[in-house]
Structures are given as C-alpha cells and as structure tokens.
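**Student:** Here is my input; please provide its structure:
(2 chains)
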Protein chains: 2
Amino acid sequence: MNKHDVVRLRVNFKTLEEFENFREYGQQELSMKEDLQENIVENDSDSPFYGVYFGNKLVGRMSLYKISRKFDFYFEPPQDYFELWKLEVLPGYQGKGIGQALVDFAKSFGLPVKTNARQRSDDFWVKQGFEPLTYQTERDRGENPYVWFPKGVTEQAYDTES
Amino acid sequence: MNKHDVVRLRVNFKTLEEFENFREYGQQELSMKEDLQENIVENDSDSPFYGVYFGNKLVGRMSLYKISRKFDFYFEPPQDYFELWKLEVLPGYQGKGIGQALVDFAKSFGLPVKTNARQRSDDFWVKQGFEPLTYQTERDRGENPYVWFPKGVTEQAYDTES
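**Tutor:** Numbering: from 1, shown residues only, chains lettered A, B, ... in the order given. Here you go, the predicted structure:
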C-alpha cells in the first residue's frame, strides 16, 4: 500500500458534496450533479476525477482525461495524451505529498501529460518534472501550459499558418 | 468620454512591468517579454490585451482574441467569436465598474463572447448577461464556459460522437 492511494472517484451524492469543499467548483461539478439527479448517469458510476482520501474525507483530487492523438497540438510525435486539471489538495493536508501522489498517478500510464498551471504554481510543476511550453496565442488562449514528456517525446513545432 | 476608457495595450517594458501586479501572470506574459527582449516584436506593438488606466497606473485588464468560425464549437450558427480571458481588476479598484467597462467593450463588436469563468465568479458573469453552457468533458476539459449571445445566436448542439 502506498503512502497515498489514488482512487478513481465515483459519481454519487457523497462525492459531489465533498467537491463543494474545493475551490475549483463549477460547471463540471454542477453538470455531474444534474446528470445524477436526472438519472442520466447511475449512482456510483465512474467519473474523470481521481482522489486521495484521509479516512473517509476526500482531501485531494484531480481530473484526468485521455485526449485522442488527433487533437494533439503539443507533442512530437503526435499521440494520445492526458489532460490534467483541477489538481487541488485541501488546506491542512498540503505539503504531505498528496499532490505529488496524484501527479505520479497521471504519469504512471507512460503517456504525455499536459496541464494548465494555475496562478503562480509554476514551481510545483517544475518540481514534478513538468516543463513550460512556448506560448502560442491561438492554441493556448491564456492558458499556462506545462507538460510532462515521457522518454522519446518532445514539444511539437507549432504551425503558425492560419 | 466614458467613465472608464478601455484602451488597447502596447507591448513595451512598462506594460509588462505593470502586468506583474496582476494575479494571473504566466507563460503569456513571459512570452511577450521574451519577444520584446529578442526584438521579435517591436517596442509598442499591439497586444491581445486591453486595459483601463487610473492616471498612469494600469488597474484593470483583459485579453481578447478573435477566434475563427472554423474553431467555433459554441455558437449556432457557427461564427467568428471573441475569447475573453484574464479579466482582472486590481484590489482597491474593484466595485467601480471597471470590469464591466472591459466586458462591455468585448460585447461592443456584436460578436459572441466566450470566457472561462474563474472560481466562484459565476455571479459576476450572470450580471454581465452571460450564460453558462452545458458542460462537455471533451470540449471543456475543466473549463467553466460562460458565453454572451448577441441577438439571433444560440448555443451550438454538441456533437457527442467521437
């Protein structure tokens, strides 16, 4: 058993209630709640969220979603990759390696990982082995793209022709 | 003269220094600084940033960028639209209508406007006449999409086929 076990989160009312403790709460969470209320998804179905529990309490989470190679504008050679977002550890549980456990989980598939680094979180991502990409207005639109390259993968040259 | 004049910001060292006062500072700003230092852009060339000054001080800003119709997954009929990001007013200057002046400027072109609403800023966007879109994991990837529809424009039905 690892220090922090990362588990895939189930869509149920308990999980959604726990999500309200996190700062980044918006349309994604509201849409999951609606889908559950309207029985569009089953209670306890899988979500794109992964988390770490401390006892019964969800203390860290992230969303991780596999993007198809045909939408890859970041990596060379172009390939399937993971988009990671809403990485967040609750206050009081930070500095214990929970964020790192989540990121390690994302890297464990051996595919590239891309994230949009939040305000002034650059140091964290560099510590996790991520690198900033060259900013491209049309592709990035205000994002702060950081990526993790598995061996043999590099940054994709960006086609600036419109 | 309006209460708050919105001006297009010039890329120069003074502007970039002012950007450091804002919370959302990342690869976009760093890339502008590098382009300027390496003479890839001229001092004083135009940027995708617009701002409001109080005296000589930049107190509010946003990035506004026209996206071509072929990349429009949000509006019906599909059309050119504006992506708005990094809307931010410095503490001490909030609550004076500066944010609204920036948003009004974005709407003044008569094209749809799309933004990614930040954490718990939903009330602000609703007040500005924006509406949340139905969250689509593949399209939105953790974004919190809010849009402003000009007359005759509606939400694009999302093609869930992969």
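
**Student:** center of chain A, which residue is that?
**Tutor:** Residue closest to the mean C-alpha point of chain A, counted by Cα atoms, centre = their mean, is residue A:84 at 2.3 Å.

**Student:** Can the lowest-mean-pLDDT helix or strand in chain A be said to contact chain B?
**Tutor:** Of all the helices and strands that make up chain A, the one with the lowest confidence by mean pLDDT, DSSP states H and E is helix A:137-140; it has a mean of 89. Yes - applying Cβ under 8 Å from any Cβ of the partner chain, one finds that helix A:137-140 is in contact with chain B at A:137, A:138, A:140. The C-beta positions use only the backbone N, C-alpha and C, and glycine is treated the same way.

**Student:** returning to that earlier point: is it correct that the residue nearest to the centre of chain A is in contact with residue A:114?
**Tutor:** Yes - under the contact definition of Cβ atoms under 8 Å, residue A:84 touches residue A:114, with a separation of 7.1 Å.

**Student:** interface residues of chain A facing chain B?
**Tutor:** Counting by Cβ under 8 Å from any Cβ, chain A sits next to chain B at A:23-28, A:30-31, A:48, A:63, A:65, A:67-68, A:83, A:85-86, A:116-117, A:119-120, A:122, A:132-135, A:137-138, A:140-145, A:162.

**Student:** Which ones among the residues you listed map onto strands?
**Tutor:** In strands, defined here by DSSP state E, the members of these are A:48, A:63, A:65, A:67, A:83, A:85, A:86, A:116, A:132, A:145.

**Student:** List the beta-bridge partners for the fourth one.
**Tutor:** Here residue A:67 sits in beta bridges with residue A:81, as judged by DSSP bridges.

**Student:** where's it relative to residue A:80, distance?
**Tutor:** Here residue A:67 is placed at a distance of 7 Å from residue A:80 (Cβ to Cβ, to the nearest Å).

**Student:** the more surrounded of those two?
**Tutor:** Per other Cβ atoms under 10 Å in any protein chain shown, whichever of residue A:67 and residue A:80 has more neighbours is residue A:67, with 19 against 15.

**Student:** ok, the more buried one - contacts?
**Tutor:** With contacts defined as Cβ atoms under 8 Å, 6 or more residues apart in numbering or on different chains, residue A:67 is in contact with A:80, A:81, A:82, A:83, A:114, B:141.

**Student:** Distance check, it against residue B:138.
**Tutor:** From residue A:67 to residue B:138 the distance is 8 Å (Cβ to Cβ).

**Student:** Restrict the residues of chain A next to chain B to the buried ones and give me that as a ChimeraX selection.
**Tutor:** The buried residues among those can be selected in ChimeraX (16 or more other Cβ atoms under 10 Å in any protein chain shown) with this line:
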select /A:24,25,26,27,28,30,31,48,63,67,83,85,86,116,117,122,132,133,135,137,140,141,142,143,144,145
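
**Student:** ok but residue A:18 is inside a helix, no?
**Tutor:** Yes - the assignment for residue A:18 by DSSP: H, G, I helix; E, B strand; the rest coil puts it in a helix.

**Student:** so it sits right up against residue A:58, yeah?
**Tutor:** Yes - here residue A:18 reaches residue A:58: they are 4.1 Å apart, a contact under Cβ under 8 Å.

**Student:** Can you list the low-confidence ranges for chain A?
**Tutor:** Screening chain A residue by residue with the criterion pLDDT under 70, one finds the ranges A:1-2, A:159-162.

**Student:** Break down it into its helices, ranges please.
**Tutor:** Shown for chain A, the helices assigned by DSSP state H span residues A:13-19, A:27-37, A:98-107, A:122-127, A:137-140.

**Student:** Those into CSV, with extra columns for distance to residue B:36?
**Tutor:** Converted to CSV, the helices of chain A look like this (distance: least, Cβ to Cβ, whole Å):
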stretch, distance to residue B:36
helix A:13-19, 42
helix A:27-37, 36
helix A:98-107, 33
helix A:122-127, 20
helix A:137-140, 15
